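In: sequence plus the predicted model coming up.
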Amino acid sequence: MTRKETYACPTCNGAVRYHAAVCPKCDADLGAIAQLNEMPDVLFNTALEAARKGQLLEAIENLLVAIHFRPDDAGAWRLLGKLCGKSDSEKSAQECFAMALRYESSSKDNDTCGMDMSFLKKLGNM
Ligand SMILES: [Zn+2]
């Protein structure tokens, strides 16, 4: 992930970790911000669970919202691509994998990159 680990506290401008509920420098209550920062992860996990149950539409809806919060989330794009492929939206699937590859290329965790490339090739041969 290329995401920054910290952000500036709105009260004191000090560095705060993304999921911290309280600013370590000024003790400001950052619970609401922490919840917002966790939202894309919660949505992604909900999508993953829905996908495992075969609830494609629910999974896709959750991923779209997750991506709205975090447009550079290669993992969310990759999963969305797989789900679009399953629901016969080949063009959308290809676009999603292209987005995943775009963000993966600037990130450290591209260990599943090869797998997705072969999936893309398969889609292209259909
Ligand atoms: Zn602060």
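Out: Sure thing, it's come through.
In: got the contact list for the spatially most distant residue from the centre of the chain?
Out: For the chain, the largest distance from the centre (CA atoms, centre = their mean) belongs to residue 26, which lies 30.6 Å off. With contacts defined as CB atoms under 8 Å, 6 or more residues apart in numbering, the neighbours of residue 26 are 9, 11, 12, 14. Placement of C-beta: from N, CA and C, glycine included.
In: residue 22 is in contact with the last one, correct?
Out: No - under the criterion of CB atoms under 8 Å, residue 14 lies out of contact with residue 22, with a separation of 11.6 Å.
In: now the helix ranked longest in the chain: buried residues?
Out: Scanning the chain for the helix with the most residues, using DSSP state H, yields helix 31-52. Of the residues in helix 31-52, 33, 34, 37, 40, 41, 43, 44, 46, 47, 48, 50, 51 count as buried by neighbour count, 16 or more other CB atoms under 10 Å.
In: any residue of it touching the ion?
Out: No - counting by CB under 5 Å from the ion, the ion is not contacted by helix 31-52; separation bottoms out at 10.9 Å.
In: pull the residues that contact that helix.
Out: Residues contacting helix 31-52 (CB under 8 Å, 6+ apart): 7, 10, 18-22, 56, 58-63, 65-66, 69-70, 73, 75-76, 79, 82-83.
In: pLDDT averaged over it - what is it?
Out: Computed over helix 31-52, the mean pLDDT rounds to 94.
In: what about it, distance to the chain center?
Out: 9 Å (CA atoms, centre = their mean, to the nearest Å).
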